[in-house]
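task: produce atomic coordinates for the following.
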Amino acid sequence: MTTTYQTPVTTAQDFPAATFVLGGPWERGNQIDPRPAVVVGSFGGRERAAETSPLVVWFFSGGAPEPGPTVQAMFPHELTPIGDTLTTMDGQAFRVLAASLHRGRFAYDDGDELRAAVRQAGRERTGLTDADPAAQYTCHRG
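Now for the predicted structure:
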């Protein structure tokens with residue numbers, strides 16, 4: 001009797017924004033050694049997240065987000081989830097990630113979900129979890 005093992009098919013829905021993954025970025029047509037990255041979102045937006053849809057990932061250890069060198073589209077089968085989160089990762093690494101996030105850019109205005117997750121994690125890390133995430137600071141008083 002032959003036993004076959006099926007690995008579960010991973011889809012873009014399995015990797016929400018701000019999920020830490022391990023993946024091998026592409027450089028000059030070659031895939032290089034795996035390194036940590038964070039999921040920015042589904043390529044083409046959440047509404048287009050299908051089984052075959054790639055994900056936009058940011059290899060944050062390479063610097064600020066920049067399409068190409070540090071921000072790439074990768075298929076779910078190329079990524080391995082890491083058990084770390086924005087609130088549990090090393091404090092210094094979080095500060096570098098948060099600062100780099102503001103210095104870089106994502107194509108097509110991607111990154112809004114990731115920015116919101118980083119802001120929320122920052123509040124949780126500083127004990128401001130009761131703060132209203134929708135609150136906006138203004139220059140005038142009402």
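
list the contacts of the spatially most central residue of the chain.
Closest residue to the average C-alpha location of the chain: Val39 at 2.3 Å, with CA atoms, centre = their mean. Neighbour list for Val39: 15-21, 55-57, 79, 114 [criterion: CB atoms under 8 Å, 6 or more residues apart in numbering]. The C-beta positions use only the backbone N, C-alpha and C, and glycine is treated the same way.

hmm, try it at 6 Å
Under the criterion of CB atoms under 6 Å, 6 or more residues apart in numbering, the neighbours of Val39 are 15, 17, 19, 55, 57.

how about the strands in the protein?
With DSSP state E as the definition, the chain shows strands at residue ranges 20-23, 26-27, 30-31, 35-42, 55-58, 71-74, 79-81.

deepest of the ones you listed, which one?
By mean neighbour count, with neighbours taken as mean count of other CB atoms under 10 Å, strand 55-58 ranks first of the strands of the chain at a mean of 26.

so which residues make contact with that strand?
By CB under 6 Å, 6+ apart, strand 55-58 touches 12, 15, 37-43, 65, 71, 73-74, 110.

identify the farthest-apart pair in those.
By the measure CB to CB, Ala12 and Pro65 form the most distant pair in these, at 19.0 Å.

nearest to Arg123, of the strands of the chain?
strand 35-42 (17.9 Å).

on that earlier part again, and the furthest pair within the contacts of Val39?
Longest distance between any two of the contacts of Val39 is 10.4 Å, between Ala17 and Val57; criterion CB to CB.

how close does the residue nearest to the centre of the chain sit to Gly24?
Counting by CB to CB, to the nearest Å, the gap from Val39 to Gly24 is 15 Å.

export the contacts of Val39 to a markdown table and append columns for distance to Ile32.
A markdown table is the format used below for the contacts of Val39 (distance: CB to CB, whole Å):
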| residue | distance to Ile32 |
| --- | --- |
| Phe15 | 20 |
| Ala17 | 24 |
| Thr19 | 21 |
| Leu55 | 18 |
| Val57 | 14 |
